[in-house]
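Novice: could you look at this predicted model? Sequence included:
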Amino acid sequence: MNRITRTTALAAVVLAGATTLTATSAEAANGRVGVRETVCAQDLELRTEPLGARMGTLHHPETFLVERVSGTWVYGFAYGDINHRGWVQDGWFC
Amino acid sequence: MTRRPVFVLSALAFGAALTAGALTAGAPAAHAVEVPEHAVITCQSATLYENYDFSIPGPVNALRTLEAGNKVGHTRGAHPVYNGWASVQDFGPNDWGFVRIECLGGWGSW
């Protein structure tokens, strides 16, 4: 009985942790084509291509005009400290 | 009695998979990127800037001053160089910025 209680409690903790992390990541939103989105992430790397070389770092509340979406990456113009086009990981806009 | 542990292990594995998935999704630009080519700073001192602002154009947001011998990473031909400012990884704090390309040398020396 004790063993069942312990294992059930452990499973509950793991699942609760997963739910919490998912809820946290769900606070940020995906980019919309044609919209000048506000960067929600503290640091968001601008890259030459998806998973490519770093071109710079965007910070909240700098803005990014989304021009194209490709999978989990978006291409567009980074305003603020960079003022150039590049790719960022999607899902980090407010 | 013999099935219960299997269910528990399955639940734990499911939970762990969810956690791993959430962590992956929650890490901005945290995907594995190839380790850049190793180099060292060859100038007596070189300012590392966070970004290169194309509207100036020029580097902005000075992060720190690097000294001769400091280890940095920059893959020639792959990492951007804008008007002589090269994108580098500072292997000290392990962050990225821009330094003058002429201050990079000692390729593959470490």
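Specialist: Okay, I see it.
Novice: contacts and neighbour counts: CA atoms only from here.
Specialist: Noted.
Novice: ok, then the element right after the longest strand along chain A?
Specialist: For chain A, the longest strand by residue count, based on DSSP state E, is strand A:63-70. Downstream of strand A:63-70, the next assigned helix or strand under DSSP states H and E is strand A:73-78.
Novice: is chain B contacted by that following strand?
Specialist: No - judged by Cα under 8 Å from any Cα of the partner chain, strand A:73-78 and chain B are separated, with a smallest distance of 10.0 Å.
Novice: hang on, the earlier thing: who does the longest strand of chain A touch, helix- and strand-wise?
Specialist: Counting contacts by 3 or more Cα pairs under 8 Å, 6 or more residues apart in numbering or on different chains; DSSP states H and E, strand A:63-70 packs against strand A:36-38, strand A:73-78.
Novice: between that strand and strand A:73-78, how many degrees?
Specialist: Angle of strand A:63-70 versus strand A:73-78, following axes from the mean of the first three to the mean of the last three Cα atoms, to 10 degrees, is 150 degrees.
Novice: restrict the helix or strand hosting B:V60 to CA atoms and write it as CSV.
Specialist: For B:V60, the element it lies in under DSSP H and E is strand B:58-67. Output in CSV follows, covering the C-alpha atoms of strand B:58-67 (Å, rounded to 0.1, in the frame of the first residue of the first chain):
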residue,chain,number,x,y,z
GLY,B,58,27.7,49.9,-36.9
PRO,B,59,28.0,47.9,-33.6
VAL,B,60,25.8,48.7,-30.6
ASN,B,61,25.6,47.8,-26.9
ALA,B,62,29.2,47.3,-25.8
LEU,B,63,29.4,44.2,-23.6
ARG,B,64,33.0,44.0,-22.4
THR,B,65,36.6,44.5,-23.5
LEU,B,66,38.4,41.4,-24.6
GLU,B,67,42.1,41.0,-24.2
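Novice: on that earlier part again, what mean pLDDT does the longest strand of chain A get?
Specialist: Average pLDDT, strand A:63-70: 98.
Novice: and stretch B:102-109, by the same measure?
Specialist: 97.
Novice: of the helices and strands packed on strand A:63-70, flag the one that's most buried.
Specialist: Stretch with highest mean neighbour count among the helices and strands packed on strand A:63-70: strand A:73-78 (a mean of 22; mean count of other Cα atoms under 10 Å in any protein chain shown).
Novice: so the very next helix or strand once past that strand versus strand A:73-78, what angle?
Specialist: Using DSSP H and E, the helix or strand that directly follows strand A:73-78 along the chain is strand A:84-89. Going by the same axes, to 10 degrees, strand A:84-89 is angled at 150 degrees with respect to strand A:73-78.
Novice: where do the helices sit along chain B?
Specialist: For chain B, the helices defined by DSSP state H cover B:4-25.
Novice: any weak-confidence spans in it?
Specialist: For chain B, applying pLDDT under 70 flags the ranges B:1-33.
Novice: next: chain A.
Specialist: In chain A (pLDDT under 70), the answer is A:1-27.
Novice: dump the residue contacts of A:D81.
Specialist: A:D81 is in contact with A:L58, B:N51, B:Y52, B:D53, B:V60, counting by Cα atoms under 8 Å, 6 or more residues apart in numbering or on different chains.
Novice: which residues touch the nearest residue to the fourth one once chain neighbours are set aside?
Specialist: If I follow you right, that is B:D53. Excluding its sequence neighbours, the residue lying closest to B:D53 (Cα to Cα, 6 or more residues apart in numbering or on different chains) is A:I82, at 4.2 Å. Going by Cα under 8 Å, 6+ apart, A:I82 touches A:G56, A:L58, B:N51, B:Y52, B:D53, B:F54, B:S55.
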